[in-house]
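Trainee: No sequence on hand, only this structure:
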């Protein structure tokens with residue numbers, strides 16, 4: 001859910017505080033990067 005008024009109107013990328021905003025993933029529209037899937041180990 002986007003709660004930041006700037007993120008609602010223009011998106012996080014348009015915000016002047018984007019680089020220093022600690023809550024862009026919580027209040028804004030930025031998604032958390034997905035963790036890479038674990039690769040199966042090769043059999044010896």
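Mentor: Done, it's in. Remember, predicted model here, so these are calculated numbers, not experimental data.

Trainee: going forward, measure contacts between C-alpha atoms and count neighbours the same way
Mentor: OK.

Trainee: could you list every residue that touches residue 18?
Mentor: Going by Cα atoms under 8 Å, 6 or more residues apart in numbering, residue 18 touches 12, 24.

Trainee: again, only this time at 10 Å
Mentor: Residue 18 makes contacts with 7, 11-12, 24, 28, as judged by Cα atoms under 10 Å, 6 or more residues apart in numbering.

Trainee: and what of residue 19?
Mentor: Residue 19 touches 12-13, counting by Cα under 10 Å, 6+ apart.

Trainee: before we move on, the earlier item: now for the contacts of residue 18: which two are most distant?
Mentor: 11 and 24 (9.9 Å; Cα to Cα).

Trainee: Quick check on those two: which one has the bigger neighbour count.
Mentor: The neighbour count for residue 11 versus residue 24, taken as other Cα atoms under 10 Å, is higher for residue 24 (22 against 17).

Trainee: Please look at that one and residue 14 and confirm they touch.
Mentor: No: taking contacts as Cα atoms under 10 Å, residue 24 lies outside contact range of residue 14: 11.8 Å.
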